[in-house]
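Student: Sequence below, structure please.
(2 chains)
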Amino acid sequence: MIEREEFRSIAHNGIWKQNTSLIQILGLCPLLAVTTNMVNGVMLSLATIIVMALANVAVASLRNFIPHEIRIPVFILIVAALVTVVDLLFNANLHELYLVLGIFIPLIVTNCIVLARVEAFAAKNPPLQSTLDGIFMGVGMLWTLAVLGGLRELIGAGTLFSGIDLVFPSLQPLQLLPADYPGLLLAILPPGAFILLGCMIAWKNWIEARATTRQEKVAVKALATGN
Amino acid sequence: MMDFSTPPYLLKNASVQRVMLQVVAALVPGIAAYVWIFGPVILVQLALATATALAAEAAMLKLRNKPLSLFLSDGSAIVTAWLIALTFPPLSPWWLIITGTLFAIVVAKHLYGGLGQNPFNPAMVAFAVCIVSFPALMSQWPAVGMQVSLADQIAVVFGQMPRLDAISGATPLDTLKTALKLDEGTVSVAALLADQTVYGFFAGRGWEWVTGGYLLGGLFLWWRGIVSWHAPLSFVAGLSLLATGLWLYNPAQFANPLFHLFSGGAMLGAWFIVTDPVSGCTTPKGKLIFGFSAGVLAYLIRVFGGYPDGVAFAVLLMNLCVPLIDLYTQPAIFGMKDKS
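Tutor: Here you go, the predicted structure:
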């Protein structure tokens, strides 16, 4: 079983401390291309989560049988097999969305986040921890892409959840800003993704910096009062 | 009896404020021609841009804990605002110029570290952002001699009146490009330029005097020693070299270099944009390379590209190359042997 402390550390690493998009800055290609709206970003992240969780558990279970010298090709084979499964699942069940996401689902194979977690974590840790790591790294990517996609479509077109009818046919996208909002097209174009991702990274660094100065103040106070 | 003090003399430092005020003064002839030909609505845009720039500058300075009065009074925000207003269509809606100015001051200037740190020319960033995001609005320029009262023009700017096609169209540069593209090889430039409703003596009707005003202001800056001749002249050289070559090659399909120099943003770019001491090159040789390449790129983008004018994109692309150019064009220090 897994200890509470270890679980918390894996979750914290994945969602915040080593966030794939904000700290490791990995997987920029799908990030730029897919986050033109929130739904696309979330759905691609979900596909990546499935692949990462399964790839991590597979590699972690097989890690003692994989010869060290050829581990990378073996990892890629495992990831590619899983991506093919997810690709076919999307094609069969969410065909409209599959057409929108297009090449970016097969491209999860080459997504460095997947290989990085397999190599850095699953190859050295037991299956349960590895599964959790895959899931939480994916959740970290999911919320970042959701926020980025939401911001981009809100600024670029004034809507939110556009394309949700491709996933849940009964739901409709929200028009948050007035219908005559002209839309800052730049936000939807690739430069907009870079600019907004830069703002999100700055926001995260600002929070971290504030937390650090607060801790220092507490430490100084503790020293001053002699505790 | 003449009274001399003995050397060494103290040279009064050129403060940022003094430089910026003279740049603002140098823009006045161009603006005067603008007002005379296209009506005073441009003054409304100038005021909007200035107010937005000063407010954004004050807010960003406050956020960055910088002294307000010192940096606000240096005039750099006003220069940026005026350049933005002069590159935007005068009848563009009020929010367009505010969006552009905000982007220039907040993102292009202060997020990169404020005055002296910005790698890109803020005014050109504003233009690029808006023309990429709102291509239709950014291409509606007033026709010369439009019979619309100032009150109505202001109403158009503030969205109280519908935008009329009759009072706005493409720039002469854009009109020429579109006409040439539509009738591939069947019309000649000379025949098109004969249309006196759009074209004047040597460039766009009316516009030739506005850009002439910019040239006058630029020469004033040169005379005052605010800008050196390197960047503007090499920009003009780069632009006219290509323009002359292609014009000699096929005068029916390519406009003459004079037309190109006095159309679009060429003159404003040559004297007020590529001479930017922050985002441009600092070494004399670097300024030559920077200006020349920007001129060549501006011509290529405006003639073969999809956008109405290429000066903004050319300058931004060259801004990217500035650190590299500056690195390789450092002059030898006095007394040292030249490395080469």
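
Student: all contacts plus neighbour counts: C-alpha atoms, from now on.
Tutor: OK.

Student: Counting by contacts, list what the longest helix anywhere in chain A packs against.
Tutor: When chain A is parsed with DSSP state H, its longest helix is helix A:190-225. Here helix A:190-225 is seen to pack against helix A:28-34, helix A:127-157, helix A:185-188 when contacts are counted using 3 or more C-alpha pairs under 8 Å, 6 or more residues apart in numbering or on different chains; DSSP states H and E.

Student: The closest residue to chain B within chain A - nearest residue in space that isn't next to it in sequence?
Tutor: Closest approach of chain A to chain B (C-alpha to the nearest C-alpha) occurs at A:Leu185, with a separation of 4.3 Å. Ranked by C-alpha to C-alpha, 6 or more residues apart in numbering or on different chains and with sequence neighbours excluded, the top spatial neighbour of A:Leu185 is B:Ser133, at 4.3 Å.

Student: which residues does the one you found contact?
Tutor: With C-alpha atoms under 8 Å, 6 or more residues apart in numbering or on different chains as the criterion, the residues that contact B:Ser133 are A:183-186.

Student: Buried among those residues? Need that as a selection in PyMOL.
Tutor: When burial is assessed using 16 or more other C-alpha atoms under 10 Å in any protein chain shown, the buried subset of those is captured in PyMOL by this command:
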select buried, chain A and resi 183+184+185+186
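
Student: Any chance of the contacts of B:Ser133 in TSV with pLDDT as columns?
Tutor: Rendered in TSV, the data for those read as follows (pLDDT from 0 to 100):
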residue	pLDDT
A:Gly183	82
A:Leu184	86
A:Leu185	87
A:Leu186	89
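
Student: need the contacts of B:Ser133 in CSV with distance to B:Ile42, can you?
Tutor: Shown next, in CSV, are the contacts of B:Ser133 (distance: C-alpha to C-alpha, whole Å):
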residue, distance to B:Ile42
A:Gly183, 25
A:Leu184, 24
A:Leu185, 25
A:Leu186, 26
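
Student: Closest to A:Asp165 out of the contacts of B:Ser133?
Tutor: A:Gly183 (21.4 Å; C-alpha to C-alpha).

Student: isn't that closest one right next to A:Arg152, touching?
Tutor: No - in this structure A:Gly183 lies outside contact range of A:Arg152 using C-alpha atoms under 8 Å: 10.2 Å.

Student: Tell me the pLDDT of the closest residue to A:Ala53 other than its chain neighbours.
Tutor: In space, not counting the residues next to it along the chain, A:Ala53 is nearest to A:Gly134; the distance is 4.5 Å by C-alpha to C-alpha, 6+ apart. As summarised for this prediction, A:Gly134 has a pLDDT of 93.

Student: Now A:Val167. Its backbone dihedrals?
Tutor: Main-chain torsions, A:Val167, degrees, to the nearest 10: phi -100, psi -50.

Student: Please name the nearest non-neighbouring residue to it.
Tutor: Across the structure, with C-alpha to C-alpha, 6+ apart as the measure, the residue nearest A:Val167 apart from its sequence neighbours is A:Leu94 (6.6 Å).

Student: what number of residues lie near the one you found?
Tutor: Neighbouring residues of A:Leu94 were enumerated by other C-alpha atoms under 10 Å in any protein chain shown; the total is 14.

Student: confidence score at it?
Tutor: Looking at A:Leu94, its pLDDT stands at 86.

Student: before we move on, what about A:Leu166?
Tutor: In this model, A:Leu166 is scored at 79, pLDDT.

Student: Could you give the number of residues near it?
Tutor: Using other C-alpha under 10 Å, A:Leu166 has 18 neighbouring residues.

Student: Then A:Val220?
Tutor: Under the neighbour criterion other C-alpha under 10 Å, A:Val220 is assigned a count of 12.

Student: could you measure it against A:Arg214, distance?
Tutor: When distance is defined by C-alpha to C-alpha, to the nearest Å, A:Val220 is 10 Å away from A:Arg214.
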